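J.: just a sequence and a predicted model for now, questions to come.
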Protein chains: 2
Amino acid sequence: MTVYNFAAGPATLPDPVIKQIQAELPSLQGTGMSVLEISHRSAMFDDIINTAEQDIRDLMHVPANYHILFFQGGGTGQFAAAPLNLATQHKRIALLDSGHWASRAGDEAANLGVTVDTIASTKDKHYQELPHLDKPLSAEDYDYLHVTTNNTIEGTAYHTLPEHGDVTLVGDLSSNFMAENYNVQDFGLIFGGVQKNLGPAGVTITIVRDDLVKPVEHIPSILNYALFVKKNSMFNTPPVFAIYATGLVLKWLKQQGGLAEIEEVNRKKAALLYDFLDDSKLFTNYIKKSDRSLTNVPFTTDNPDLDTQVIQAAADSGLMNLKGHRSVGGLRASLYNAMPVKGVQALVDFLHNFETQH
Amino acid sequence: MTVYNFAAGPATLPDPVIKQIQAELPSLQGTGMSVLEISHRSAMFDDIINTAEQDIRDLMHVPANYHILFFQGGGTGQFAAAPLNLATQHKRIALLDSGHWASRAGDEAANLGVTVDTIASTKDKHYQELPHLDKPLSAEDYDYLHVTTNNTIEGTAYHTLPEHGDVTLVGDLSSNFMAENYNVQDFGLIFGGVQKNLGPAGVTITIVRDDLVKPVEHIPSILNYALFVKKNSMFNTPPVFAIYATGLVLKWLKQQGGLAEIEEVNRKKAALLYDFLDDSKLFTNYIKKSDRSLTNVPFTTDNPDLDTQVIQAAADSGLMNLKGHRSVGGLRASLYNAMPVKGVQALVDFLHNFETQH
């Protein structure tokens, strides 16, 4: 049985990448050593990390005045790192409260002593549409504005970045990182764990504009941007395997033609599912159409028992991990980069059959 | 050619573990999903992390009043986490300066606003022996005493823990974690990255006594012990693969008979090399005999050019990564858990031949 994994992350990876990892696991490049055993101070790993960096630069057209860094600790680590490194002048940031993870980012910054102004929120609308600013913000007032480009749990995404004035934009791109094409220059800082679109859990990519990287004292070294810039992300032992595997996914993304092509495929995948849902009498996606995510699609029959039945029947057919987040309920299909069109087609076919037989 | 990897970390892993990872990479437990793709909220991963925890508990005889936690960020992350979580009463810690990494731990704590008293240091002896306390320390004065049980760069180890009074002992066990058998109850906190004796880089094991885990505010969540205790190390996405692979190494350690048996093998391996070095006219290990590490053995010909020649010739014979740390020079052989006796024998044979032909 072909299995399709719709998990929200860690998530499905491209088959050729899994095969390559498997093939070279016992001996990387004929060295007789596994990638799990090589030193991060070896020429081989230097090549791995530098190639990964260059491939990110190529794929996202990252300008030369931006650094590309590899951290541990996930998006949650960067929820701390961003305010610790960047919120040093006003010690005040602005937040667009677009969902659970935006809110968590705000909580983390506040917990670290930064004032967090929630400028707009759609919490009262169950986050089924995106918040926007009433008026532009000034860099005179805020160290930055935090925006979550894609809301994994709620299923919304900013396809056009919100108008925000001259304030620095910090983007948590975790769940549509390189699945949707953004202009890096619109951001001062971008970050995201790789475990949705780009690799296995264990490494976080941070892209930061050079003028924002300043020596900061009294913060943990493992979250220190200036230190990681200086040490090429190797202040201490990096997560070698996760960086290697991410590098293979980046090569695969290049083989797909680059981000414009990948976004095109992702639009096609999302449209396949949204079109079905909009036609369906049984299943509904409640997200405002212009705000719908390409990568995370929540839907429901509005009957929790029936939802559970669908999730179970889908799993029996090899369509895995369709349970929605507990805060939303229902079902959720995550359609990240490595989910093939035929996986989405299989899901739509299954849902159609379920509805017909229901 | 059989390759033996003497790197100081990331380091060699047991062959059966590499083989098992390779075999089940495309489909873990017949699910059709790779371990690189499974959700950390799945029953399968619950079983992986809980089994790893239990195996650590069994191997180290960890009492019930100690928590076992999995972090990202390596020992360097814990250099911050330890003072942030534990140095909350006196905001003062004591340090035994036994080498580079002890010193780095002290720097990190100081950078985070904790007063660090270096109680004893052997820096003036080039760290070729271990520092000890002149008099016991009191918990009335210090939140804890930081000790590095094994000094990776310098090649020393506390085979008996230093007498330290009633102050809480914090042990950085990174480079002899489960390679040498310590009594967990002698410590309030133990931590170490797994990438030397226990797995691939990317996860850090922390063992902490329950009474030391207190809610602490204003620290990054990814370093918060109380939060990780509450969330069973899954406050955010954990490094799934690194925990899985470490779990396989733990099973392998159990198959070797447990820590007493492993330490016995490690003593045998170390003795093989030290005995050769002590007999050699060409190679010398300068460490005080009673303080010699079981896992990291630095040695030299006292001629940098000749050292380089030995390192190159060894590599040509499949004996890899013997270059000493730049701060010490010479050669260093790391003999972690997964290094087989025959690997050490091959090294000794090579060095013997080199000396004879020299």
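T.: Thanks, I have the structure now. Numbering: from 1, shown residues only, chains lettered A, B, ... in the order given.

J.: C-alpha from now on. contacts and neighbour counts both.
T.: Noted.

J.: domains of chain A?
T.: The record, using automatic domain parsing to delimit domains, assigns chain A the ranges A:4-12+A:258-357, A:15-255.

J.: so for the longest one, mean pLDDT?
T.: So the one you mean is domain A:15-255. Averaged across domain A:15-255, pLDDT comes to 97.

J.: so that domain, near chain B or not?
T.: Yes. For domain A:15-255, a contact with chain B is found by Cα under 8 Å from any Cα of the partner chain, at A:18-19, A:22-23, A:25-26, A:32-34, A:36-40, A:72-74, A:76-77, A:80, A:108, A:111-113, A:200-202, A:217-222, A:236-242.

J.: out of the residues you listed, which are buried?
T.: A:18, A:22, A:25-26, A:32-34, A:36-40, A:72-74, A:76-77, A:80, A:108, A:111-113, A:200-202, A:219-222, A:236-242 (16 or more other Cα atoms under 10 Å in any protein chain shown).

J.: which ones are touching the closest residue to chain B within the stretch 51-200 of chain A?
T.: Sorted by distance to chain B under Cα to the nearest Cα, the residues of the stretch 51-200 of chain A start with residue A:112, at 4.6 Å. By Cα atoms under 8 Å, 6 or more residues apart in numbering or on different chains, the contact list for residue A:112 reads A:80, A:83, A:84, B:218, B:219, B:220.

J.: same deal with residue A:106?
T.: Per Cα under 8 Å, 6+ apart, neighbours of residue A:106: A:79, A:95, A:116.

J.: I'd assumed the last one was in a strand, is it?
T.: Yes. Per DSSP: H, G, I helix; E, B strand; the rest coil, residue A:116 lies within a strand segment.

J.: for it, which non-adjacent residue is spatially closest?
T.: Closest residue to residue A:116 in three dimensions, ignoring its sequence neighbours and counting by Cα to Cα, 6 or more residues apart in numbering or on different chains: residue A:93, at 5.1 Å.

J.: and the helices in the stretch 151-300 of chain A, which stretches?
T.: In the stretch 151-300 of chain A, the segments counted as helices under DSSP state H, counting those that start in this stretch are A:225-230, A:240-255, A:259-279.

J.: okay if I get those as TSV plus distance to residue B:2?
T.: Listed next are the helices of the stretch 151-300 of chain A as TSV, based on distance: least, Cα to Cα, whole Å:
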stretch	distance to residue B:2
helix A:225-230	36
helix A:240-255	23
helix A:259-279	43
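
J.: which of these sits most buried?
T.: Among the helices of the stretch 151-300 of chain A, the stretch with the highest mean neighbour count (mean count of other Cα atoms under 10 Å in any protein chain shown) is helix A:240-255, at a mean of 22.

J.: name the residues that touch that helix?
T.: Helix A:240-255 has contacts (Cα under 8 Å, 6+ apart) with A:13-14, A:17, A:21, A:35-36, A:40, A:45, A:48-49, A:51-52, A:55-56, A:59, A:70, A:194, A:198-203, A:259, A:262, B:200-202.

J.: may I have the phi/psi pair for the residue of the stretch 51-200 of chain A closest to chain B?
T.: Here the main-chain torsion angles of residue A:112 (degrees, to the nearest 10) amount to phi -100, psi 10.

J.: ok, now residue A:148?
T.: Per-residue torsions, residue A:148: phi -100, psi 110 (degrees, to the nearest 10).

J.: beta partners of it?
T.: On DSSP bridges, the residues paired with residue A:148 through beta bridges are residue A:172.

J.: how distant is stretch A:205-215 from the center of its chain?
T.: 19 Å (Cα atoms, centre = their mean, to the nearest Å).

J.: quick one: mean pLDDT over stretch A:320-334.
T.: So the average pLDDT for stretch A:320-334 ends up being 96.

J.: which residues touch that stretch?
T.: Contacts made with stretch A:320-334 from outside it, assessed by Cα under 8 Å, 6+ apart, are listed as A:3-8, A:153-154, A:295-302, A:304, A:307-308, A:311, A:314-315.

J.: which ones are touching residue A:236?
T.: Residues touching residue A:236, when contacts are defined by Cα under 8 Å, 6+ apart, comprise A:222, B:74, B:76.

J.: buried subset of the contacts of residue A:106?
T.: Buried, going by 16+ other Cα under 10 Å: A:79, A:95, A:116, out of the contacts of residue A:106.

J.: nearest to residue B:142 among these?
T.: residue A:79 (31.7 Å; Cα to Cα).

J.: quick one: that closest one is in a helix?
T.: Yes. Per three-state DSSP, residue A:79 lies within a helix segment.

J.: list the contacts for it?
T.: Contact partners of residue A:79, counting by Cα under 8 Å, 6+ apart, are A:104, A:105, A:106, A:108, A:109.

J.: let's have those in JSON lines, adding secondary structure.
T.: Conversion of these to JSON lines gives the following (three-state DSSP):
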{"residue": "A:104", "secondary structure": "helix"}
{"residue": "A:105", "secondary structure": "helix"}
{"residue": "A:106", "secondary structure": "helix"}
{"residue": "A:108", "secondary structure": "helix"}
{"residue": "A:109", "secondary structure": "helix"}
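
J.: may I ask which two of those residues are separated the most?
T.: Farthest pair in the contacts of residue A:79 (Cα to Cα) is A:104 and A:109. Separation: 8.7 Å.

J.: comparing these two, which shows the higher neighbour count?
T.: Legend: neighbour count by other Cα atoms under 10 Å in any protein chain shown for residue A:104 and residue A:109, higher for residue A:109 (25 against 14).

J.: which stretches of chain A form strands?
T.: Listed in chain order, the strands of chain A (DSSP state E) span A:4-5, A:66-71, A:92-97, A:115-121, A:144-148, A:150-151, A:156-157, A:169-172, A:189-193, A:204-209, A:296-299, A:319-320, A:331-334.
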